[in-house]
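Q: here are the coordinates; sequence isn't available:
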């Protein structure tokens, strides 16, 4: 069945499950990981009907160097990912990613950190701008470059009663396609934030946090009447919460508060004439963006390990993100529960269940999402693992062609080599 990938599979006994697996802690020094997966995807373009199925071979090598001392830590990582759709070659792509991070203690009570990232990725057909039948109008995935630079400053040692942390950064997203709305929703973000952490126990911190994002689009999209829709905005979050490590078995992180998004457009430009009826009635077309007011925001991540060989994780959060051609922005809610169990020292299983909802603001569109996955992994030796798994995804939408489901069956191998401590 996997004729064209079989020779590579036999030559390179490679790497990791690329979905739903825990990240391993990297050792100080140089490490090399190669990940390979062979799968069958029954709905490559995420279509409600007339689906395209394809065998898929994924190759994902990664090279990392980490230097970690009592005072400083540095890491450099480069990875590439080749997705080869054997029965749908138009969807084949190769992405590349590079990242640099550094943490330095200037003094015992002053620490700075920097994270830089450059991703040359691809927006696959059936995602982003090409959701629904729009995928069929593209000849292949769309190149997408993401660049990010973030700095942090911490006043107070990690063991101090009170710590202050400030952050500042910039992120940009740039698509390279003349076919996708003239790239009208490429944007950049200026990010600022600050938090105060106060220790109330040996392993518990109370936290007050502020986050701000200034979002600027490269050019304004237009509606069906040819009018510009100004989506530049500022998002602010005011949060309180705690970081908890109650016992070795129970840890958690909680943030709760408000989020608001204000658009930087002039109200007068929308008062000249009423919005056309066909625009206001069409859920795919956004009317004038409306300031959100204060919405509830939360983040919760909890880990419970009742036994050394069994671990449960609960994650839930509300988020906001930029909309791809529908509405002014997206407000999402997600709930994830996972269970990892070591049946023996060499055999591990993992189950994941996720439900979520995307509400496209200033549009009638609402998407309800569900997903589930299961995998089994066998550790042949410390550096070599292999196994198999299944992933399922379902989206139910109230707009035409927004509903789909897909299944992926896969086998994988995982090889890792560390040179260092």
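A: Cool, the structure landed. This is a predicted model, so every value here is computed, not measured.
Q: All the helices of the stretch 201-350 of the chain, in order from the start?
A: Secondary structure of the stretch 201-350 of the chain by DSSP state H, counting those that start in this stretch: the helices cover 277-281.
Q: What segments of it are strands?
A: 204-217, 233-244, 250-263, 295-307, 310-321, 329-344, 347-361 (DSSP state E, counting those that start in this stretch).
Q: Take these and write them to TSV, including mean pLDDT.
A: TSV is the format used below for the strands of the stretch 201-350 of the chain (pLDDT from 0 to 100):
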stretch	mean pLDDT
strand 204-217	95
strand 233-244	94
strand 250-263	93
strand 295-307	94
strand 310-321	95
strand 329-344	96
strand 347-361	96
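Q: nearest to residue 119, of those?
A: Nearest to residue 119, of all the strands of the stretch 201-350 of the chain, is strand 310-321, at 16.4 Å by C-beta to C-beta. C-betas here are computed from N, CA, C, even on glycine.
Q: Please identify the buried residues of that closest one?
A: Going by neighbour count (16 or more other C-beta atoms under 10 Å), the buried part of strand 310-321 is 311, 313, 315, 316, 317, 318, 320.
Q: And those, which is closest to residue 362?
A: Out of these, the member with the shortest distance to residue 362 (by C-beta to C-beta) is residue 320, at 12.9 Å.
Q: The closest one reaches residue 333, doesn't it?
A: No - counting by C-beta atoms under 8 Å, residue 320 stays clear of residue 333, with 10.8 Å between them.
Q: shaky segments in the chain?
A: 1-27, 177-184, 221-227, 246, 248, 265-288, 420-421 (pLDDT under 70).
Q: Count the residues that sit near residue 259.
A: Per other C-beta atoms under 10 Å, the neighbour tally for residue 259 reads 21.
Q: What residues does it make contact with?
A: Counting by C-beta atoms under 8 Å, 6 or more residues apart in numbering, residue 259 touches 235, 236, 237, 292, 294, 295, 296, 297, 318, 320.
Q: what does residue 157 give?
A: Neighbours of residue 157 in contact, by C-beta under 8 Å, 6+ apart: 108, 109, 163.
Q: what's the answer for residue 324, then?
A: 128, 129, 131, 185.
Q: try residue 241
A: 206, 207, 209, 253, 254, 255, 256, 257, 299.
Q: wait, which of those residues is closest to residue 145?
A: Among those, and counting by C-beta to C-beta, the member closest to residue 145 is residue 299, at 27.8 Å.
Q: does that closest one have beta-bridge partners, and which?
A: residue 255, residue 317 (DSSP bridges).
Q: thought it was touching residue 252?
A: No - with contact defined as C-beta under 8 Å, residue 299 and residue 252 do not form a contacting pair (10.7 Å).
Q: I'd like the contacts of residue 324 written out as TSV, with secondary structure, neighbour count and distance to residue 400 added.
A: As requested, the contacts of residue 324 are arranged in TSV below (DSSP: H, G, I helix; E, B strand; the rest coil; neighbours: other C-beta atoms under 10 Å; distance: C-beta to C-beta, whole Å):
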residue	secondary structure	neighbour count	distance to residue 400
128	helix	18	18
129	helix	21	16
131	coil	22	11
185	coil	21	21
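Q: could you dump those residues to JSON lines with distance to residue 397?
A: Below are the contacts of residue 324 laid out as JSON lines (distance: C-beta to C-beta, whole Å):
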{"residue": "128", "distance to residue 397": "15"}
{"residue": "129", "distance to residue 397": "15"}
{"residue": "131", "distance to residue 397": "9"}
{"residue": "185", "distance to residue 397": "19"}
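Q: which two in those are spaced the farthest apart?
A: Pairwise distances across these (C-beta to C-beta) peak at 13.0 Å, for the pair 131 and 185.
Q: quick revisit: for the contacts of residue 157, which entry has the maximal number of neighbours?
A: Compared across these, residue 163 has the highest neighbour count, 20 neighbours, by other C-beta under 10 Å.
Q: Now it: closest residue in space, sequence neighbours ignored.
A: Spatial nearest neighbour of residue 163, excluding adjacent residues (C-beta to C-beta, 6 or more residues apart in numbering): residue 156 at 3.7 Å.
Q: show me what contacts residue 139?
A: Per C-beta under 8 Å, 6+ apart, neighbours of residue 139: residue 90.
Q: quick check, it in a helix?
A: No - counting by DSSP: H, G, I helix; E, B strand; the rest coil, residue 139 is not found in a helix; it is coil.
Q: Would you list the phi and psi of it?
A: phi -80, psi -10 (degrees, to the nearest 10).
Q: what's the answer for residue 134, then?
A: Torsion angles at residue 134 (phi, psi; degrees, to the nearest 10) stand at phi -60, psi -20.
Q: what about it, distance to residue 393?
A: Distance from residue 134 to residue 393, counting by C-beta to C-beta, to the nearest Å: 18 Å.
Q: Tabulate the contacts of residue 259 in JSON lines, adding columns for distance to residue 54.
A: Shown next, in JSON lines, are these (distance: C-beta to C-beta, whole Å):
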{"residue": "235", "distance to residue 54": "38"}
{"residue": "236", "distance to residue 54": "43"}
{"residue": "237", "distance to residue 54": "40"}
{"residue": "292", "distance to residue 54": "40"}
{"residue": "294", "distance to residue 54": "45"}
{"residue": "295", "distance to residue 54": "40"}
{"residue": "296", "distance to residue 54": "41"}
{"residue": "297", "distance to residue 54": "39"}
{"residue": "318", "distance to residue 54": "34"}
{"residue": "320", "distance to residue 54": "33"}
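Q: out of those, who has the most neighbours?
A: Counting neighbours by other C-beta under 10 Å, residue 320 leads the contacts of residue 259 with 22 neighbours.
Q: In contact with that residue, which residues?
A: 235, 259, 261, 329, 330, 331, 332.
Q: Return the set of buried residues in the helix or strand residue 121 falls within.
A: Element membership for residue 121 (DSSP states H and E) is strand 110-123. Across strand 110-123, burial judged by 16+ other C-beta under 10 Å covers 111, 113, 115, 116, 117, 119, 120, 121, 122, 123.
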